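Engineer: quick one, what's the 3D model for this:
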Amino acid sequence: MLARSSSARLVIALVGCLLLAACGKTLGGYPNRAPTPSLVAPGANARDDKTVYMDLIRQMQQQGAYYASLAHIDAYRQRFGDTPELRRRQADAFRATGQLDAARTIYRGLLNGDQAAAAWHGLGLVEAQSGNASAADVALLKASELEPVNAAYLSDLGYARLCNGETASAKDPLAMAAELDPTNAKMIANLALWAMLTGDNTRADAIMQRGQLPVETQNGVRQLAMQLAARRPRTAASSSQPTAAPMNVANTPANANTNVPASMLQRFTTDATAYEARP
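Structural biologist: Modelled structure (predicted):
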């Protein structure tokens, strides 16, 4: 019996690996072939079966195959029943595919329990996509309070505030996110974006170069900074602020960047002049 059990588990692991490998070989996030109808060997332990299937759904969403994940979520629910994580992943897929009302409804039903932080985060992104800046800030802040060391939640909170023109209040969550995950390109890019919107392009360039962001990413950050700056109303003070690009830093104190947690900025801007000379 022990040998048979070990053999069954080995089959499960092999099938799981094959499925995940198949997911990786996709075009535009969609499988080239119909998904394998049987996810595990016949007679395998039901608990292992559920784990393999849920891992498949997680992997599909990590790769951006949200439409495919919706089909598998329905199949999982028919076979194993519903779970809070399954509902939250369905909401994530609805949000990613533009079905915002459906996503919002599911997220709101998960604001209590073990999926609360992820649900608040998803709800915040839905509200941001819907143009509800105030509601987005409340939800993203709540997610960060529930999981205070989640760098992704903090970064999204700071980014949403930048998009809403709230440069000063964006600095703390963005610096915290970069401090928590200093090798993450998204965290570095958002911190650099903040620096640009304060008018400190030299520091922004140093952050991006020290963080080893690809040139394409650096150019994307600069372009986004110009787009966000263009949304703000011009003032006499902002029009006189010298910048490398036509940015507008209205409503931002001249010394706002000095209040960012020193350890983060020192880490990325030490010997900044040396980085300025690099291509």
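
Engineer: Leu228 contacts Leu162, doesn't it?
Structural biologist: Yes: contact criterion CB atoms under 8 Å: Leu228 and Leu162 qualify, at 6.2 Å. The way it works is simple: take the backbone N, C-alpha and C, and place the C-beta from them, glycine included.

Engineer: quick check: neighbours shared by these two?
Structural biologist: Common contacts of Leu228 and Leu162, defined by CB atoms under 8 Å, 6 or more residues apart in numbering, comprise 193, 197.

Engineer: hey, where'd the helices end up in the stretch 1-150 of the chain?
Structural biologist: Ranges of helices within the stretch 1-150 of the chain are 2-24, 46-62, 66-80, 84-96, 100-108, 116-129, 133-146, based on DSSP state H, counting those that start in this stretch.

Engineer: show the contacting residues for the residue nearest to Glu147 when sequence neighbours are not counted.
Structural biologist: Nearest-residue entry for Glu147: Ala117, 4.4 Å, with adjacent residues in sequence omitted and distances by CB to CB, 6 or more residues apart in numbering. Neighbour list for Ala117: 143, 146-147, 150, 153 [criterion: CB under 8 Å, 6+ apart].

Engineer: reformat those as TSV; add distance to Ala204, neighbour count and pLDDT.
Structural biologist: Shown next, in TSV, are those (distance: CB to CB, whole Å; neighbours: other CB atoms under 10 Å; pLDDT from 0 to 100):
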residue	distance to Ala204	neighbour count	pLDDT
Ala143	27	26	98
Leu146	31	16	98
Glu147	28	16	98
Asn150	24	18	97
Tyr153	23	25	97
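
Engineer: picking that back up, compare the helices of the stretch 1-150 of the chain and give me the one nearest Leu174.
Structural biologist: Closest of the helices of the stretch 1-150 of the chain to Leu174 is helix 133-146, at 11.7 Å (criterion: CB to CB).
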